[in-house]
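> Make a model of this:
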Amino acid sequence: MRKKWLVSVLLMLTLLAFPVSAFAAAEGPTNIELQSGLNSAFTFLAVVLVFLMQGGFALLEAGSTRMKNAGHIAGKTILTLGISVIAFWALGFGLGFGNGNSFFGTTGFFLSGDQMAASFESLAFSDVPLTIKFVFHLAFAAVSLAIACGGMAERAKMSVYIVFGTLYTIIMYPVVAHWVWGGGWLAELGMQDFAGSTVVHLTGATAALVATILLKPRIGKYNKDGKPNIIPGHNQVYSVLGVIILWIGWFGFNPGSTLSAMGDGFFGYVALTTNVAAAAGGVAALLISWAVLGKSDIPSMLNGVLAALVAITGACAFVEPWAALVIGALAGIITFFTAQFFDRKGIDDPIYAFSVHGIAGMWGAISTGLFATPELAENAGVGQAGLFYGGGFHQLGVQLLGLVGAFAFVLIVSFIILGGMKAIMGIRVTEEEETMGLDLSEHGTYGYPEQMKNIEGKSNGGGTFSS
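From the prediction side, this is the model:
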């Protein structure tokens with residue numbers, strides 16, 4: 001009797017814990033739910049890859065500058081990333097992608113979750129949740145700010161990154177993003193910029209150019225006759241590792257911009273054109289440096305890879321692989337010559353931000369107006385075929401208008417903001433602080449304590465490490 005009672009109790013507890021429906025044939029997720037989940041996971045993976053690019057920038061910029069500034073250069077990457085996260089969440093995302101007019105968004109500020117999706121009609125084409133779309137576009141904004149701050153290397157005050165970084169993420173980047181991706185006037189004209197040759201790279205590089213001009217050259221960069229001196233970076237291996245990380249991160253940038261792993265796997269095609277261009281840019285830049293300088297220059301090769309990636313970023317979904325190779329190779333060659341040109345003209349850009357991201361970004365915008373195929377333009381749903389594919393000059397004209405408009409807007413606003421900051425608070429460290437290095441003057445410690453103490457000891461007449 002007791003045994004039967006115990007069995008009955010156990011059966012009742014089992015039914016309470018596992019309802020009858022659990023024993024029925026479980027219904028799996030619908031095809032729509034599976035598709036949305038897969039696209040969301042795919043897009044979040046792209047987010048991770050693009051965020052990883054911050055590590056690439058830290059290594060590239062620190063390796064390309066002097067040892068006494070290495071800790072500062074790497075550390076400010078985290079600072080600008082933090083600034084971009086807060087500013088873009090609060091205002092930048094709404095201004096860039098919120099519903100509004102042809103110039104900026106007016107809704108969706110201080111994002112609180114997916115329930116705000118109705119405020120972002122420009123992003124409704126994808127089934128990925130709004131929160132994931134936010135972090136995806138945030139990663140792009142953070143990259144653009146990192147580029148903008150690159151031109152300030154080795155002489156800007158730490159406070160400049162805070163003030164300018166905030167204003168850049170709220171005003172400049174979101175407005176250009178809205179024009180092209182947020183339903184603005186360039187989107188209405190059909191400008192082709194798949195992953196940001198103009199929106200991300202030209203925008204950031206233009207701000208970097210203004211900062212470079214207003215900050216003026218580093219001490220010792222130019223002789224009295226105006227001839228430039230080479231100020232080599234302290235660790236070329238860091239620079240190479242930085243470029244490799246950036247190259248990998250670009251697979252989140254370009255293929256990730258499809259926001260989908262479904263259908264015919266178009267993200268794979270975008271990865272193909274991206275990779276071909278990058279390889280062509282690196283090889284072409286190394287060969288042209290060899291021909292011009294008599295020696296193959298590794299920094300030029302690294303810049304060639306990055307310039308090619310910048311150029312193909314806008315064109316990767318619109319051009320065939322052979323065109324991607326041409327676009328990448330020309331980007332590497334153009335960047336080699338423009339970097340030298342700006343150097344001779346007194347523009348001291350330590351990481352060649354404007355040549356690599358600005359000039360190559362312009363070429364990337366123009367290239368779709370030349371090489372976009374009718375089939376790929378139709379597949380992307382943006383713009384028309386390029387000049388070489390029977391589209392005439394229409395798409396090329398739209399591309400030129402877009403790059404000129406973005407360049408002019410960022411140039412003017414950057415001069416206003418940075419010029420005002422220069423007059424009010426100053427933007428450059430003192431000569432003494434620059435000479436001792438920003439690691440020590442801005443942070444009170446060296447990025448390489450042992451090595452720098454050794455250098456100090458030798459300069460004071462000693463040959464051993466000082467305590």
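
> How far does stretch 437-448 stretch from one end to the other?
12 Å (C-alpha to C-alpha, to the nearest Å).

> Looking only at that stretch, what residues are buried by neighbour count?
437-442, 446-448 (16 or more other C-beta atoms under 10 Å). All C-beta spots, glycine's among them, are computed from the backbone N, C-alpha and C.

> ok, and what's touching that stretch?
Contact with stretch 437-448 is made by 62, 66-75, 154-155, 157-158, 429, 432-434, 452-453, as judged by C-beta atoms under 8 Å, 6 or more residues apart in numbering.

> Now a PyMOL select for only the buried ones of these.
To isolate the buried members of these in PyMOL, using 16+ other C-beta under 10 Å:
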select buried, resi 62+66+67+68+69+70+71+72+73+74+75+154+155+157+429+434+452
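
> for the residue positioned nearest the centre of the chain, helix, strand, or coil?
When the chain is reduced to its mean C-alpha position, the nearest residue by C-alpha atoms, centre = their mean turns out to be V143, at 3.0 Å. For V143, the assignment made with DSSP: H, G, I helix; E, B strand; the rest coil gives helix.

> OK, contacts around it?
V143 neighbours (C-beta under 8 Å, 6+ apart): 50, 53-54, 57, 200, 204, 253.

> Just among the residues you listed, which is most surrounded?
G204 (31 neighbours; other C-beta atoms under 10 Å).

> Could you give the backbone dihedrals for that one?
Taking degrees, to the nearest 10, you get phi -60, psi -40 for the backbone angles of G204.

> now F393
phi -100, psi 0.

> And P228, by the same measure?
Dihedral angles (degrees, to the nearest 10) for P228: phi -80, psi 140.

> Show me where the stretch 1-150 of the chain dips below the pLDDT cut-off.
1-27 (pLDDT under 70).

> in the lengthiest helix in the chain, what counts as buried?
Across the chain, the longest stretch assigned as helix under DSSP state H is helix 31-63. For helix 31-63, the neighbour count (16+ other C-beta under 10 Å) marks 35-36, 39-40, 42-44, 46-47, 49-51, 53-63 as buried.

> Likewise for stretch 116-125?
Buried, per 16+ other C-beta under 10 Å, within stretch 116-125: 116, 119-123.

> Let me have these in JSON lines, adding secondary structure as columns.
As requested, these are exported to JSON lines (three-state DSSP):
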{"residue": "M116", "secondary structure": "helix"}
{"residue": "S119", "secondary structure": "helix"}
{"residue": "F120", "secondary structure": "coil"}
{"residue": "E121", "secondary structure": "helix"}
{"residue": "S122", "secondary structure": "helix"}
{"residue": "L123", "secondary structure": "helix"}
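
> Which of those residues sits closest to G390?
S122 (29.8 Å; C-beta to C-beta).

> my guess is that closest one contacts F97, does it?
Yes. Counting by C-beta atoms under 8 Å, S122 does reach F97; the two are 5.4 Å apart.

> Between these two, which contacts overlap?
181-182.

> what are the ranges of the helices in the stretch 301-450 of the chain?
321-344, 353, 360-371, 374-380, 394-424, 431-436, 438-443, 449-459 (DSSP state H, counting those that start in this stretch).

> Now the weakest link among those, please, by mean pLDDT.
Lowest mean pLDDT within these: helix 449-459, at a mean of 62.

> circling back: compare the helices of the stretch 301-450 of the chain and report which one is nearest to F136.
Among those, helix 374-380 sits nearest to F136 (C-beta to C-beta), with 17.5 Å.

> who's in contact with the closest one?
192, 194, 266, 317-320, 383-385, 389-391, 395.

> Also stretch 334-353?
So stretch 334-353 is contacted by 60-61, 64-65, 147-148, 150-151, 153-154, 204-205, 208-209, 212-213, 216-218, 221-222, 226, 228, 231, 281, 285, 288-289, 292, 300, 303-304, 307, 354-356, 359-360, 363 (C-beta under 8 Å, 6+ apart).

> how close does W89 sit to I298?
39 Å (C-beta to C-beta, to the nearest Å).

> quick one: which of those two has more around it?
When neighbours are counted by other C-beta under 10 Å, W89 and I298 differ, and W89 comes out ahead with 18 against 14.

> still on that earlier bit, for the longest helix of the chain, name the packing helices and strands.
Packing partners of helix 31-63 (3 or more C-beta pairs under 8 Å, 6 or more residues apart in numbering; DSSP states H and E): helix 70-87, helix 130-150, helix 236-253.

> which one of these is the most hemmed in?
helix 130-150 (a mean of 25; mean count of other C-beta atoms under 10 Å).

> got the CA positions of that one in PDB?
Extracted in PDB, the C-alpha atoms of helix 130-150 (Å, rounded to 0.1, in the frame of the first residue of the first chain):
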ATOM      1  CA  LEU A 130      17.800  46.600 -33.000                       C
ATOM      2  CA  THR A 131      20.200  46.200 -30.100                       C
ATOM      3  CA  ILE A 132      22.600  44.200 -32.200                       C
ATOM      4  CA  LYS A 133      22.300  46.700 -35.100                       C
ATOM      5  CA  PHE A 134      23.300  49.300 -32.600                       C
ATOM      6  CA  VAL A 135      26.500  47.700 -31.400                       C
ATOM      7  CA  PHE A 136      27.300  46.900 -35.100                       C
ATOM      8  CA  HIS A 137      27.100  50.500 -36.100                       C
ATOM      9  CA  LEU A 138      28.700  51.600 -32.900                       C
ATOM     10  CA  ALA A 139      31.800  49.500 -33.800                       C
ATOM     11  CA  PHE A 140      32.000  51.400 -37.100                       C
ATOM     12  CA  ALA A 141      31.700  54.800 -35.400                       C
ATOM     13  CA  ALA A 142      34.500  53.800 -33.000                       C
ATOM     14  CA  VAL A 143      36.800  52.800 -35.900                       C
ATOM     15  CA  SER A 144      36.100  56.200 -37.600                       C
ATOM     16  CA  LEU A 145      37.000  58.000 -34.400                       C
ATOM     17  CA  ALA A 146      40.200  56.000 -34.000                       C
ATOM     18  CA  ILE A 147      41.100  57.200 -37.600                       C
ATOM     19  CA  ALA A 148      40.300  60.800 -36.800                       C
ATOM     20  CA  CYS A 149      42.500  60.700 -33.600                       C
ATOM     21  CA  GLY A 150      45.400  59.100 -35.500                       C
END
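
> Give me the next element, helix or strand, following that helix.
As assigned by DSSP states H and E, the chain's next helix or strand after helix 130-150 is helix 158-167.

> Go through that next one and flag the buried ones.
160-161, 163-167.

> Repeat that for stretch 273-291.
In stretch 273-291, counting by 16+ other C-beta under 10 Å, buried: 273-289.
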